[in-house]
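> Below are the sequence and a predicted model for it; my questions follow.
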Amino acid sequence: MPTPLLDRLVPATEFSKNPGPFIDRASDGEQIIIVKNSRPTAVIIDVATSRRLDNLDTLENDLRMLAVALVRMATDEGRRFALDDVLDELGIELDEEESE
């Protein structure tokens, strides 16, 4: 059974005096919430949870990019423009060195 929320709240001063037991609890998979000035300010988690969160961030970004690609595919009208035509329309001239 998960630890109740109130049992996971730890005042910052208490944590700074004796962090060992809280680190041990976190390494066992418990999320320890550090409270400073009566507000939750940090969470101590185990390495496996940290890796899982990093992986979720990566998957979230991949999903966002996939959604953008799908929307672009669904709304593509097939029109394409040559770079030179766009540059001419905008009045932009590339130097010989930049275009190589």
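Nice, thanks for sending it over. Numbers count the residues shown, from 1 in each chain.
> just checking, what packs against the helix or strand encompassing V35?
Using DSSP states H and E, V35 sits within strand 32-36. Judged by 3 or more CB pairs under 8 Å, 6 or more residues apart in numbering; DSSP states H and E, the packing partners of strand 32-36 are helix 5-8, strand 9-11, helix 12-17, helix 20-27, strand 39-44. C-betas here are computed from N, CA, C, even on glycine.
> Could you tell me the angle between that strand and strand 39-44?
In terms of direction (axes from the mean of the first three to the mean of the last three CA atoms, to 10 degrees), strand 32-36 departs from strand 39-44 by 150 degrees.
> and strand 32-36, how far from the chain's centre?
How far strand 32-36 lies from its chain's middle: 21 Å, per CA atoms, centre = their mean, to the nearest Å.
> and the spatially most central residue of the chain, which of the three is it?
Centroid check for the chain by CA atoms, centre = their mean gives D57 as the closest residue, at 4.5 Å. Here D57 is helix, with the state taken from DSSP: H, G, I helix; E, B strand; the rest coil.
> mind putting the helices and strands packed on strand 32-36 in TSV, mean neighbour count included?
Shown next, in TSV, are the helices and strands packed on strand 32-36 (neighbours: other CB atoms under 10 Å):
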stretch	mean neighbour count
helix 5-8	12
strand 9-11	15
helix 12-17	12
helix 20-27	14
strand 39-44	12
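> Against R79, how distant is A42?
Between A42 and R79 the computed distance is 51 Å (CB to CB, to the nearest Å).
> how about the strand holding V35 as PDB, C-alpha atoms only?
Taking C-alpha atoms only, strand 32-36 is exported to PDB below (Å, rounded to 0.1, in the frame of the first residue of the first chain):
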ATOM      1  CA  ILE A  32       9.500  12.200  -0.500                       C
ATOM      2  CA  ILE A  33       8.100  15.700  -0.800                       C
ATOM      3  CA  ILE A  34      10.300  18.500   0.700                       C
ATOM      4  CA  VAL A  35       8.300  21.400   2.200                       C
ATOM      5  CA  LYS A  36       9.800  24.800   2.600                       C
END
